[in-house]
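J.: Sequence and predicted structure are below.
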Amino acid sequence: MEQQLEMKNCGVEGEPGEPEFKLLARDPLAPFIVAMWAALRKGDTASALALFSDCVSDAAYNYRHNPSSNSKVNGASEIAQEMNNWRHAKGLPIFGLYTVKS
């Protein structure tokens, strides 16, 4: 059982106060996002870009016709912002379009 738990969180524990976002297998975006993260962390940019393209193509149609609730989407956006604020406070690089809110 302990080995299964390690597989689920990959042996990573958050620091105190570190924001996190949990993806579950029932979310159709989860496999793409996790695979894209793994590809990027391995330095495999071509695979990450292909996964991103597939993910956006598949999800665009689905979510255009079945959008998620605003509270769920807003909550995820807030967590992303909290993550960047946390990284900024730790002096870690911030990638992407989010800016640090003071």
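T.: Okay, I see it. On a predicted model such as this, the values are computed, not experimentally measured, just so you know. Numbering: from 1, shown residues only.
J.: what about this structure, any weak spots by pLDDT?
T.: 1-9, 11, 97-102 (pLDDT under 70).
J.: in it, which residue is closest to the centre?
T.: Residue closest to the mean C-alpha point of the chain, counted by CA atoms, centre = their mean, is I33 at 6.3 Å.
J.: Mind telling me what element it is part of?
T.: Assigned by DSSP states H and E, I33 falls within helix 30-41.
J.: Any buried residues in that helix, and which?
T.: Neighbour counts over helix 30-41 (16 or more other CB atoms under 10 Å) mark 32, 35-36, 39-40 as buried. For every residue, glycine as well, the C-beta is placed using N, CA and C.
J.: What is it packed up against?
T.: Under the contact definition 3 or more CB pairs under 8 Å, 6 or more residues apart in numbering; DSSP states H and E, helix 30-41 sits against helix 45-65.
J.: Following element in sequence after the helix it packs on, please.
T.: helix 70-89.
J.: what's the domain layout of the chain?
T.: If you go by automatic domain parsing, the domain ranges for the chain are 27-67, 69-102.
J.: out of the ones you listed, which comes closest to E18?
T.: The closest of the domains of the chain to E18 is domain 69-102. By CB to CB, the value is 6.1 Å.
J.: and the closest one, how far out from the chain's middle?
T.: Centroid displacement of domain 69-102 relative to its chain, using CA atoms, centre = their mean, to the nearest Å, is 11 Å.
J.: what about E20, distance to V12?
T.: From E20 over to V12 the distance is 10 Å, taken as CB to CB, to the nearest Å.
J.: Equivalent analysis for A46, please.
T.: 26 Å.
J.: Check T45 too.
T.: Going from T45 to V12 by CB to CB gives 23 Å.
J.: would a markdown table of the domains of the chain with distance to P16 be doable?
T.: Formatted as a markdown table, those follow (distance: least, CB to CB, whole Å):
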| stretch | distance to P16 |
| --- | --- |
| domain 27-67 | 23 |
| domain 69-102 | 11 |
